[in-house]
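Visitor: pasting the sequence and the predicted coordinates here, then a few questions.
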Amino acid sequence: MNPIRILITDDHLIVREGLRLIIETADGLEVVGEAADGAECLRLLPDLAPDVVLMDLQMPGMDGITTISHLRREHPEIAIVILTTFNEDELMLRGLQAGVRGYLLKDTDRQTLLDTITAATRGETLLKPEILSRVLALQQAPDAAPTRPNEVSPLTDRELEVLRAVALGERNKEIAHKLGISERTVKAYLTSIYSKFGVDSRAAAVAIATQNGLLY
């Protein structure tokens, strides 16, 4: 099996070097390049053809959110994993809405980093409880800027159960076992949820559900 090809995009050299060191000690993962900002990331993509882009949000020049919008439009096959710090909650929510596949705090542990990258290449999204709690806290904060919920079709009770399990970071197999249904049925519920929300990823669905108060 070919290794998972990773492009690291972060304006801090020490962060890039640290990530490379961690990733290159793992089997089945390969760092194919580094970029110091979004514009460089986009320039490198055609030659490097990564499977996953690790993306910082706050960078000089082209920032992470702008770069993500280009990636989602021009290279939808590439999985994006955000690298974030504790003062970027609003940007993190925007990343969720853009459909990224994972969220990592820069002080995350090695195994979480590797698990998130691997899950992203499978089309899965790992949302750690601490990430979800920060997004929910942002929505509930009394002084938060009001956001207008997207117009969405109502979900069935079972679809809500599936979506809430997704928000907790559970995989299809775990959801199926908990609800006593097949993995195929879980996928069917997710497809229905995506259709009703007008999204194409778990992360984006969770973001919409959060905005509409469905996870409280």
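Guide: Great, that's in hand.

Visitor: next helix or strand past the helix or strand of the chain with the lowest mean pLDDT?
Guide: None of the helices or strands of the chain scores lower by mean pLDDT, DSSP states H and E than helix 129-140, at a mean of 60. Scanning forward in sequence from helix 129-140 by DSSP states H and E, the next helix or strand is helix 157-167.

Visitor: tell me the buried residues in that following helix?
Guide: Using 16 or more other C-beta atoms under 10 Å as the test for burial, helix 157-167 gives 159-163, 165-167. Placement of C-beta: from N, CA and C, glycine included.

Visitor: by how many degrees do the helix or strand just after it and helix 157-167 diverge?
Guide: Using DSSP H and E, the helix or strand that follows helix 157-167 towards the C-terminus is helix 172-179. Helix 172-179 runs at 130 degrees relative to helix 157-167, counting by axes from the mean of the first three to the mean of the last three C-alpha atoms, to 10 degrees.

Visitor: show me what helix 172-179 is packed against.
Guide: Counting contacts by 3 or more C-beta pairs under 8 Å, 6 or more residues apart in numbering; DSSP states H and E, helix 172-179 is packed against helix 157-167, helix 183-197.

Visitor: mind putting these into JSON lines with mean pLDDT?
Guide: Output for the helices and strands packed on helix 172-179, formatted as JSON lines (pLDDT from 0 to 100):
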{"stretch": "helix 157-167", "mean pLDDT": "89"}
{"stretch": "helix 183-197", "mean pLDDT": "91"}
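
Visitor: now these as CSV including distance to D27?
Guide: Output for the helices and strands packed on helix 172-179, formatted as CSV (distance: least, C-beta to C-beta, whole Å):
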stretch, distance to D27
helix 157-167, 28
helix 183-197, 26
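
Visitor: and the ones you listed: which comes nearest L71?
Guide: With distances scored as C-beta to C-beta, the stretch of those nearest to L71 is helix 183-197 (19.1 Å).
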